[in-house]
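Q: I'd like to go over a predicted model; first the sequence, then the structure.
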Amino acid sequence: MRNCFTILELLIVVVIMTVLFTLAFPAYRAAQKRAQIRRVENMLLQVRSQEQVHRQENYAYISCSDLNDCNSKLNLEIATDWHLSVSSVTPHTFCAQATDGTNTFSIRQDEIEPVSGGCP
């Protein structure tokens with residue numbers, strides 16, 4: 001009766017684990033990416049909602065240049081590493097944009113869902 005594994009048995013286990021990792025890692029990265037996109041979309045929906053509240057109370061939308069400015073002016077508590085801004089502001093229009101340097105999403109006052117791409 002032997003009490004240890006042979007080199008061949010250990011090598012087979014390592015190969016099997018490598019194959020499983022190779023198959024699982026892309027799916028894991030894709031799930032992370034989808035979750036990140038969903039978080040930024042929800043953040044933009046919060047901004048749109050607060051912009052609508054501000055317009056009802058003050059008859060105009062408000063602009064903000066960065067996350068801290070938007071949190072302060074729109075009474076938000078968003079914490080993210082994305083750059084957030086609200087621009088193209090008139091009494092009747094605005095465009096909120098979030099970017100991480102690679103991806104950009106935006107939402108306007110009349111859009112239901114954020115879209116990929118920045119403000120015009």
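A: Everything's here; your move.
Q: could you measure from the most centrally placed residue in the chain over to residue 93?
A: With distances taken as Cα atoms, centre = their mean, residue 40 lies nearest the centre of the chain, 2.8 Å away. The spacing between residue 40 and residue 93, counted by Cβ to Cβ, to the nearest Å, is 21 Å. (C-beta placed from N, C-alpha, C; glycine too.)
Q: kindly report the same for residue 64.
A: For residue 64, the distance to residue 93 - Cβ to Cβ - is 15 Å.
Q: okay, the two: which has more neighbours?
A: More crowded of residue 64 and residue 93, by other Cβ atoms under 10 Å: residue 64, with 22 against 11.
Q: neighbours of the residue lying closest to residue 43 once chain neighbours are set aside, how many?
A: Excluding the flanking residues, the one nearest residue 43 by Cβ to Cβ, 6 or more residues apart in numbering is residue 78, at 5.4 Å. Residue 78: 19 surrounding residues under other Cβ under 10 Å.
Q: before we move on, what about residue 65?
A: Number of residues near residue 65 (other Cβ under 10 Å) recorded here: 13.
Q: that one touches residue 89, doesn't it?
A: No: applying Cβ atoms under 8 Å, one finds residue 65 not in contact with residue 89, separated by 11.2 Å.
Q: quick check: which ranges of the protein have low pLDDT?
A: For the chain, residues meeting the criterion pLDDT under 70 lie at 1-2.
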